[in-house]
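Student: Whatever this is, show me its structure:
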Amino acid sequence: MNVDSFDWRLAATERAYSWSGYRIGDRALFLWGAPATRLSPFNATKLKAYHLVRRELLVNTFCHDERLWEMLRKKLRRFRPQFIVGYVSSLESLAEYLLARRERIAGIQAVLSAAEPVTERTRDLVQAAFEAPLFNAYGSREFMSVAVECDRHEGLHVNAENILVETEGDGRCPSELLITDLHNYGTPLIRYRIGDAGSLATGQCGCGRGLPRIRAIEGRVVDLLRLPDGRVVSGLVFPHVVKEFPQIREFQVEQRSPESIVLRVVLNSPLTPPDVDTLHRAITRIVGEDINFEIADVPSIPRLRSGKRRVSIGLPG
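Tutor: Residues are numbered from 1 along each chain as shown. Model (predicted):
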């Protein structure tokens with residue numbers, strides 16, 4: 001990218017965070033990932049100074065468990081963050097840890113999520129654990145901030161001064177997002193197929209901002225399920241079903257063939273036969289009678305190398 005493009009990206013990112021109330025210099029906890037490559041001593045020192053000046057505590061959550069959250073809990077007593085920014089799965093995991101111990105982090109004003117789709121379960125967990133609203137943001141390495149929620153939570157406002165977002169269809173049904181960077185003359189990206197699926201909103205947000213909006217980010221294009229009758233199903237449908245079963249701690253849906261889907265579940269406690277029947281009926285209502293559907297009880301669900309979680313896995317190609 002060129003300098004002008006970088007300035008636009010940085011300004012869009014700061015504005016995106018500001019809608020939650022966050023300002024540079026507020027104490028913020030970042031549940032992010034570590035650099036993919038080892039930094040030189042000079043760059044590592046520079047990065048540490050950067051976070052120190054901005055009053056940011058960066059925690060690598062590519063791999064997280066109770067030991068990490070226990071270590072972090074002790075740090076937070078001294079750091080006292082006002083805002084939390086992180087991967088959706090990292091936020092959920094920390095929230096579950098705190099709720100299980102009936103603890104909370106006092107003084108949180110808002111939580112900002114990114115990198116993974118947000119469900120109602122995510123919002124409920126965040127509100128219960130942190131007693132603060134969640135603001136969802138959508139971005140990428142290619143464009144930095146693309147769109148973000150305001151306090152009305154009626155979709156994500158596109159940074160239209162910098163980014164043009166289109167879809168392949170009429171925008172109402174999930175399809176691949178096409179993104180154009182309006183200021184990057186270093187490496188022009190025009191109608192760039194980013195690999196994410198989403199749908200666009202119509203009308204104006206209740207906040208009065210005139211920016212176009214993305215109604216929902218449905219996940220990666222490869223995570224959409226394609227049914228024999230031609231329908232496309234977003235993986236975000238399944239959290240609404242699974243949330244009714246407290247026995248299920250984690251899950252992942254995978255389409256093995258056009259006629260076969262498996263639901264992997266990590267259980268807190270066994271599902272009863274009536275629970276299994278109810279779950280089967282609920283999933284069948286979504287995917288239809290022509291799909292062979294099975295439930296697999298597994299000890300864990302692997303995450304991507306980036307630390308992100310895949311809720312659903314569609315057919316390749």
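Student: bridging residues for the nearest residue to Val298 once chain neighbours are set aside?
Tutor: Leaving aside its sequence neighbours, Val298 sits nearest to Arg264 (CB to CB, 6 or more residues apart in numbering; 4.9 Å). For every residue, glycine as well, the C-beta is placed using N, CA and C. Per DSSP bridges, the residues bridged to Arg264 are Gln252, Ala296.
Student: residue contacts, Arg264?
Tutor: Shown here is Arg264, whose contacts under the criterion CB atoms under 8 Å, 6 or more residues apart in numbering are 251-254, 296, 298, 301.
Student: let's go with 10 Å and repeat that
Tutor: By CB atoms under 10 Å, 6 or more residues apart in numbering, Arg264 lies in contact with 250-254, 294-298, 300-301, 313.
Student: Just send these back as CSV, with pLDDT, distance to Val165 and neighbour count too.
Tutor: Formatted as CSV, the contacts of Arg264 follow (pLDDT from 0 to 100; distance: CB to CB, whole Å; neighbours: other CB atoms under 10 Å):
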residue, pLDDT, distance to Val165, neighbour count
Glu250, 86, 31, 18
Phe251, 87, 30, 20
Gln252, 88, 28, 20
Val253, 87, 27, 26
Glu254, 87, 29, 18
Glu294, 87, 37, 12
Ile295, 89, 37, 16
Ala296, 90, 37, 10
Asp297, 91, 40, 11
Val298, 92, 36, 14
Ser300, 87, 35, 9
Ile301, 85, 31, 15
Ile313, 82, 25, 20
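Student: Might one say that Ala110 is in contact with Asp151?
Tutor: Yes: using CB atoms under 10 Å, Ala110 is in contact with Asp151, at 9.1 Å.
Student: Helix or strand with the lowest mean pLDDT in the protein?
Tutor: strand 232-233 (a mean of 74; mean pLDDT, DSSP states H and E).
Student: what ranges do the helices span in this structure?
Tutor: 3-18, 41-53, 66-79, 88-100, 120-130, 238-242, 273-287 (DSSP state H).
Student: now Val59, which residues is it bridged with?
Tutor: Leu31.
Student: for it, what are its contacts?
Tutor: 29-34, 68-69, 71-72, 75-76, 86, 90, 94.
Student: Kindly indicate which of the residues you listed lies nearest Glu259.
Tutor: Ser90 (35.2 Å; CB to CB).
Student: Pull the number of nearby residues for Arg78.
Tutor: Residues near Arg78, counting by other CB atoms under 10 Å, number 7.
Student: That one and Leu29, how far apart?
Tutor: 12 Å (CB to CB, to the nearest Å).
Student: Common neighbours of those two, please.
Tutor: Leu57.
Student: Would you mind stating the distance between Arg27 and Phe143?
Tutor: Taking CB to CB, one finds Arg27 at 27 Å from Phe143.
Student: So these two - more neighbours on which side?
Tutor: Phe143 (25 against 15).
Student: mind listing what that one touches?
Tutor: 1, 5, 8-9, 12, 159, 162-163, 165, 179-181, 184, 189, 192, 194.
Student: rerun at 8 Å
Tutor: 9, 163, 179, 181, 189, 194.
Student: How about Gly155?
Tutor: 149, 201, 205, 213-216.
Student: got a pLDDT number for it?
Tutor: With respect to pLDDT, Gly155 scores 92.
Student: how near is the spatially most central residue of the chain to Ser90?
Tutor: Among the residues of the chain, Glu116 comes closest to the average C-alpha position under CA atoms, centre = their mean, at 2.1 Å. Per CB to CB, Glu116 is found 9 Å from Ser90.
Student: and what of Pro299?
Tutor: 21 Å.
Student: More neighbours: these two, which one.
Tutor: Ser90 (28 against 6).
Student: Beta-bridge partners for the residue nearest to Tyr22 when sequence neighbours are not counted, please?
Tutor: The shortest distance from Tyr22 to any non-neighbouring residue, by CB to CB, 6+ apart, is to Phe83 (4.8 Å). Counting by DSSP bridges, Phe83 forms beta bridges with Ala28, Ala110.
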